[in-house]
Every structure is written in structure tokens, then in C-alpha cells.
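S.K.: structure of the sequence below:
(6 chains)
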There are 4 protein chains.
Amino acid sequence: MKETKEKILLKALQFLVENDYERVSLNSIADGIGITKGGIYHYFGSKEELFQECLRTVFSKMQNITMNSLKGDYSLEELLRGLFSFETYLNEFEKNTGIDFAGNYLNFSYLMFMGIKKFPAIKELITEIYRGMQKDLENLISHLQTEGDVRKEIDCRQLAFELVAMAEGVMLISEFTSDIDFTTIGESLVQSTLKRVQA
Amino acid sequence: MKETKEKILLKALQFLVENDYERVSLNSIADGIGITKGGIYHYFGSKEELFQECLRTVFSKMQNITMNSLKGDYSLEELLRGLFSFETYLNEFEKNTGIDFAGNYLNFSYLMFMGIKKFPAIKELITEIYRGMQKDLENLISHLQTEGDVRKEIDCRQLAFELVAMAEGVMLISEFTSDIDFTTIGESLVQSTLKRVQA
Amino acid sequence: MKETKEKILLKALQFLVENDYERVSLNSIADGIGITKGGIYHYFGSKEELFQECLRTVFSKMQNITMNSLKGDYSLEELLRGLFSFETYLNEFEKNTGIDFAGNYLNFSYLMFMGIKKFPAIKELITEIYRGMQKDLENLISHLQTEGDVRKEIDCRQLAFELVAMAEGVMLISEFTSDIDFTTIGESLVQSTLKRVQA
Amino acid sequence: MKETKEKILLKALQFLVENDYERVSLNSIADGIGITKGGIYHYFGSKEELFQECLRTVFSKMQNITMNSLKGDYSLEELLRGLFSFETYLNEFEKNTGIDFAGNYLNFSYLMFMGIKKFPAIKELITEIYRGMQKDLENLISHLQTEGDVRKEIDCRQLAFELVAMAEGVMLISEFTSDIDFTTIGESLVQSTLKRVQA
DNA sequence: TATGAATGAGGGTTCATTCAT
DNA sequence: TATGAATGAACCCTCATTCAT
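M.R.: Numbering: from 1, shown residues only, chains lettered A, B, ... in the order given. As a prediction, this is how the structure comes out:
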């Protein structure tokens, strides 16, 4: 049945969020879903294959989420506000995967870095995701520019890059800075960006 | 002699940049510097202890670098330009550690994430580094504000946070976006920040 | 198959009789029965677990032997003679375990002491064995007392303790005293005990 | 200085009472007395040599104690009472070695068994001790027999053996039987022995 | 489709021992 | 007389992998 394979992938992902690759044993996965180690080899040729598929699945879902979040007919302000409401991402993600990142951006980042170091193919996937986000954002901004909502002198491509980078950076740094409020930061970024970009 | 201990630490760090923690074996380190596995235990009580000291050293050096980079009597423009000249960091770092990150920010980030997940003590060290950077930056901006170079309505603390986050985010995202130039990005960020902040 | 597990247990016991715990390596056990070291971990979670089960098995069998030896409708003389025919124990034991103690009571004692020092659970088992022996003996003596074969003033419980202690002591000391004959000793003890106990 | 060597021996013994041979490392001994592992090799050619000398010392002291305890002009009752006042042994021993057996006969027995299994030479020493005890006891009893205090038909040699065995056995078994009082047992043995032996 | 026995390579760790100083 | 660096062998243990069933 398909169920078993998906159970394996899910358990693998769950453990991968908690421990690192080498620490996650096929045994623990098998135990976790009530099958035998050997059974895993019916669905995956090797541990690497399993985890590669696992990560591919994760980041595919992530791509869907980010793509959908940038479709639609947003005003500039709505666009920015969506971009800087960081928690939405992880929540959306948890809804789609069933994996609880516990609001922990570190765990998610670690997954990304680990995937990249281990599987070159994953790096391309992730690159694709960010590239897509930037492209979508660029298009939206460009559209707003055409309609006169964004200043003419703005380089849409670069702005898109900056915005994505900023969002990412804030999520990362906020892990190390407990005395600053997420929502305040988000709103502040929205306002300062509006000020320098809005026509 | 002290040489051996430092050779061990250096080799450990070198391997850690390339592979992940579990993959780096004491065997390979020992082989790499021409001693026996058992010899490592003359200097370190365990693998964990070795790598913790290894990471502690790395991040201590990083702290020194970042702290020094934010001392001095900068104008607002100089300050921002220093903040967004990303390559300077890694270069400075390589000069101090002898470790070649090959302009690869991912490897460095991985080191950070791994350290945080594995050693709580390291997390505190890193938190301290970022907190320090933000505090130093806040003070510098605050000073500039007193002198009338920065707008009165700016919240210095929050601006400091945003700037650090942005710098970090750009370095990270740029790893996935090969078609944008680092120097251009940096200069553009300097300009747009000046525009919204300068009195 | 169950065979392998039992082979492991048996080999472990055999080596344990010869060397001490720390000296018996899983390697030697594995080699001794033609499997791999890793194979042992299919049946036992750790070296300790293996040897604990090993000792538990040994002492359980011992319990059975001693219990059976004290059941039945013996006369006082038969009872004592059974108690002081030391070799019977070890012979019986070898029949049940296949382990050759080579008439060497020291090896067996060592097993006991080692088990006690290392595994608290084993200590309780052994305590139980001796307590059982004493209780059974006490009941038998008490029964004989009721029937008028044992003097009224005898404290059955204490006599039981003394007899067990004496039997044990003789077995132990005889290891260091080669110039005294076991059978003579046994018979002599039977006679002197009869003299002071028999009604 | 002689001090160091004795410190080593003493520390070795102390650890040997607590852990078993393989578990006691030269490192822990060296640490325990504030010297280096290498320093031990100035006094002992190997670990085995050290511990053999260590055990030899222990059992030599034991021999002195037991020998002295059976010298003197005792009455039969005094003799027996001395023999069955078990705690005296360990106390005397602790006074001479500084090692605390914590009233724990098991630890002492274990030392004996371990020594025997590991060093054949030690076995002979111990055999000698017991043989000596039996011989001394035999002489004392024989002397009492000549004086008419012990029945004529008693085989002195065998009685000596029995008494030593009983004492040993009681100490051993009492470790497993917590609900019987040492002093009561001792006194009871004295009485019952008197009854069957005294002229 | 899945089990379970077994392998074999490798990992971290301990420790007696050596030796230059 | 003692240190301290270093070795090397052995140890327990883990785990991905294979394969007969």
C-alpha cells in the first residue's frame, strides 16, 4: 500500500527535524511506525535515497506554499504585510506536512543546510524556490509599478531580492534576539519599505 | 607541546566545515595530522568536548572580528558601507583562523546551526555575538542621531536589529541566487537605507 | 532460531567461569560460536544485559536444584547426609547446565560474588535462594521435631541457618585444604550433628 | 621515598575493594595520590606486578592477624568465642590496612576470589593462611585435650577444620540472610560446640 | 509485502605501556 | 624521581545493508 511508504517518509522527516541525519537510524524509523528495518528497503534502495526523497517532498511542499502566497491581486501594502508576517509560513507548513517545527525556525533552517550539504540536487531545488519567490515578487512589484503604485526609479528585481533577504534575515536573527517582538518588527518593516518605495 | 592540540582543533574545524559533525571521525582527524586516535584523548575528554572547544574558538574569533568592525568614529555612510560589505567578514575570518570557507557562507552558517543544536553553551555564545553587534550598532546610530545625522523619529534599537538582519539575510539568500551581484546589492542597500534614515 | 541465543548464553557462561567479567569480551564469545559480534546485539541489548540474563539463568537452575533436594520425606539422618554430600550439587549442576565446574567450587563462588557486586537484581535472586534453602530446611526439621525425632529445645530456624552455613563453609574451605577428604568430612559432620540434635 | 610506593599500594587496594581488577586503572590510582601514571612504573613493572604485590601485602597482614588471634593460653570457651566473634576480624583488618570494608564481607571475599583466579601465587598464600589457622587451632585443641578439657574421642584435626569452615560459612551466608543476628548466631555456635566437644 | 537473523565496517573510548625529558 | 606526550590494541556498541523465508 502507499500508506507504508508515506508513513516512512513522514517519520523520517519528523526525526530529521529533531536530530541530524547521521543520528536518525532506519531502526528508529521502522520502530516508530511499527515495521521492520528490512521493510524500508522495499520502498527505498538506501538510507540516502530515502532521505533525499524525504527532503525533496518537504521542499516541494514549501515551494507550493510560497508560490501560492504570492499569487493574487495585492496592493503594495498587502504584499509587504504578507511578506513580513513570518509565522504564517511555518504554520502553513505544519498544516501541509504534519510536522511540528514548534515555531522553531532553527530546525527548519538546519534541514535546509543539511539537505544542501548532503544532496547537491536539493540545493538546486532550494535555489529554485528562492528564485521563484523573487521572480514572483518581481512580477508583482513590476505590475504595481505599471499601475503607478511603485516609484518609477525602483529596480524591481533588486527590490524583490532585498525583500526576500530581509524576511529571511529577520527570521534567522530573531532566533538569537529574544527581546524584540516579531509583530512590531514586521509592521515596522512594512512601513519603512512603503515610505521608500510607494509612489 | 601546544602544537598538537592546536593541530587537532584546526583539523577538526576544517573537517567540520566540509562534513557534518557525525561524519567527522576522530580517526580521520588523527590520520589527518599524523597522530593516533588515542592521542586526541590526551587533550580532549571526548569528541563532544573537542568540537565544543573547536566551535567556541571559532565563534570567539568571530566575536572579536565583529566587535572591532563596529568600533570607531564612522559617518552614517561609512557605517552602512562597512555593514554591507559582506566579503570583508569571511576574508577577515580566514585570516584569523586559517580556515578557507571558500567564500561559502553556507558552510559557515551550517557551523552555526550545528553548534546551536548540539551545544547549548554555543547557542548562548552566538546569541551574545548578535546581541553585541546589535548593541554596538545601536550605540553608533544613537550617537549619530545626537549629532543630527540620523532622523529624530528613528528607533535606534529597532534599526540596529533590522540592519543586522538584512545583512545576514542577504548573505544567506545570495547563496541561492547566483545572478545578482554582491557589490551592487551592497551599494544599493546602503543608498536605500541612507534615504530613509539620514536627517 | 533460538539456538543462537542459547549458544551465546552458554558460551558467555563458560567464559565467565574461567575469566572475570571484564575479561570476557563479546568478541571472544562471538568467535567462540562462529557468529559476528554484532550478531549478539540481535539478542541482547548490551554486554551487561547478556551477562545478567546469563547469571539469572544459572542461579535459577541452582534454585531448582536446591529446592528439589529438600523436598521429600527424609529421616533426620538422610536429611543431613544429603546436605553434606557436597559433590552432588556440582554434579547435578553440570548435568543441568552443561558447564563444567571441574569440581571447582571456587569458580562457582566467584560467579556468585561477581554477580552480586555487579547486578543488584542478582543479589536478590541469590538471597532468595539461600532464604529458600533455609526455610525448606527449617520446615523439614520442624516436621521432624513434631514427630519426636529432633530435640524439643532446638531452635529450628537457627539450626537451619547453621547447617546451610556449615555446608557452604566446608565447600569453600576445602578448596584451600587439600589434605582432608571430602567424604570423611561430610560423614563426620553428619555424625556430630546427629549427636547434638537427635532426640 | 618509600612513601610513594606505599601510597600506590594502598590506593590500589582501596580501589580494588570497591571495583574489580580490570576496572581499576593505573590512571585512577595515580590521580588518587597526585602523581602521574608513568610514575607508577618506577615502582612496579606492570599492572599485574603492582596488584600482585598489593594482594600479597593484604593477605600477609591477614595471616599475621589470624596467627596472633590463635596464640595464647585460652580456655575452650574463650577459644570458641574468639573464633565466632566475626566482626573482630574485619575490624582488626581495617586497623592494620586503613582500608574500610564497611563491614562488608563480600568485598573481602571478592578480593580473595579475584586474587586466586588471577594470581596462582596468591592462591598458595591463602591456602597457607587457612592451613595455618587450622594447624594452630588443632594445636590449641590438642593442648586442651591433653589437659582433659576436650573429650578424648575428638579428632582434633577434623574439629579444627570444621570450626574454621563454620566460621567462614556463617560470615558468607549472613550476607544473604539479613533477618538473623550475628551475635546470637555466634553465641549459639559457641554453646552447641561446647556441648559436643567439652569433656 | 514484510520479517528477522546476521554481517561487517566503522565509531568513540579506555588503558597499559613506552620513552624522551 | 617523576612527567607528559603518544601509541596501539582491545573493547562495547551502532547501523546500513543483505538475504533467506
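
S.K.: could I get the full set of helices for chain A?
M.R.: Using DSSP state H, the helices assigned to chain A run over residues A:2-18, A:26-33, A:37-40, A:47-69, A:76-83, A:87-97, A:105-118, A:120-146, A:156-174, A:182-197.

S.K.: so which of those helices is nearest chain D?
M.R.: Closest approach to chain D among those is made by helix A:26-33 (30.6 Å; Cβ to the nearest Cβ). (Glycine included, C-beta is placed from N, CA and C.)

S.K.: avg pLDDT for that closest one?
M.R.: Helix A:26-33 comes out with an average pLDDT of 94.

S.K.: ditto for stretch A:169-188
M.R.: For stretch A:169-188, the mean per-residue pLDDT is 78.

S.K.: picking that back up, weakest of the helices of chain A in terms of mean pLDDT?
M.R.: Sorting the helices of chain A by mean pLDDT places helix A:87-97 lowest, at a mean of 74.

S.K.: distance from that helix to the middle of the chain?
M.R.: Relative to its parent chain, helix A:87-97 has a centroid offset of 9 Å by Cα atoms, centre = their mean, to the nearest Å.

S.K.: count the residues that sit near A:Ser46.
M.R.: A:Ser46 has 11 neighbours, counted by other Cβ atoms under 10 Å in any protein chain shown.

S.K.: try A:Val17
M.R.: Counted with other Cβ under 10 Å, A:Val17 comes out at 19.

S.K.: so it versus A:Met112, what's the distance?
M.R.: Going from A:Val17 to A:Met112 by Cβ to Cβ, to the nearest Å gives 11 Å.

S.K.: how about A:Glu94?
M.R.: Taking Cβ to Cβ, one finds A:Glu94 at 16 Å from A:Met112.

S.K.: A:Lys7 now?
M.R.: Separation of A:Lys7 from A:Met112 (Cβ to Cβ): 24 Å.

S.K.: so which of the two has more stuff around it?
M.R.: Counted by other Cβ under 10 Å, A:Lys7 and A:Met112 do not tie: A:Met112 has more neighbours, with 23 against 17.

S.K.: tell me how far the residue nearest to that one when sequence neighbours are not counted lies from A:Leu70.
M.R.: Nearest residue to A:Met112 in three dimensions, chain neighbours excluded: A:Ile126, at 6.2 Å (Cβ to Cβ, 6 or more residues apart in numbering or on different chains). Distance of A:Ile126 to A:Leu70, computed by Cβ to Cβ: 17 Å.

S.K.: let's check: the centremost residue of chain A is which one?
M.R.: A:Met62 (5.0 Å; Cα atoms, centre = their mean).

S.K.: which residues are in contact with that one?
M.R.: The contact partners of A:Met62, by Cβ atoms under 8 Å, 6 or more residues apart in numbering or on different chains, come to A:Phe93, A:Ile129.

S.K.: how many neighbours does the closest residue to DNA strand E within chain A have?
M.R.: Relative to DNA strand E, the nearest point of chain A is A:Gly38 (2.4 Å; Cβ to the nearest atom of the strand). A:Gly38 has 9 neighbours, counted by other Cβ under 10 Å.

S.K.: from chain C, how far off is it?
M.R.: Going from A:Gly38 to chain C by Cβ to the nearest Cβ, to the nearest Å gives 13 Å.

S.K.: tell me the residues of chain A that contact DNA strand E?
M.R.: A:Met1, A:Thr4, A:Ala30, A:Gly34, A:Ile35, A:Thr36, A:Lys37, A:Gly38, A:Gly39, A:Tyr41, A:His42 (Cβ under 7 Å from any atom of the strand).

S.K.: for A:Leu79, state which of these is nearest.
M.R.: Lowest distance from A:Leu79 to the residues of chain A next to DNA strand E (Cβ to Cβ) belongs to A:Thr4, with 42.4 Å.

S.K.: correct me, but the closest one touches A:Gly39?
M.R.: Yes - in this structure A:Thr4 lies within contact range of A:Gly39 using Cβ atoms under 8 Å: 7.4 Å.

S.K.: which residues touch whatever residue of chain A ends up closest to chain D?
M.R.: Closest contact between chain A and chain D, by Cβ to the nearest Cβ, is at A:Arg23 (29.9 Å). A:Arg23 makes contact with B:Glu22 under the criterion Cβ under 8 Å, 6+ apart.
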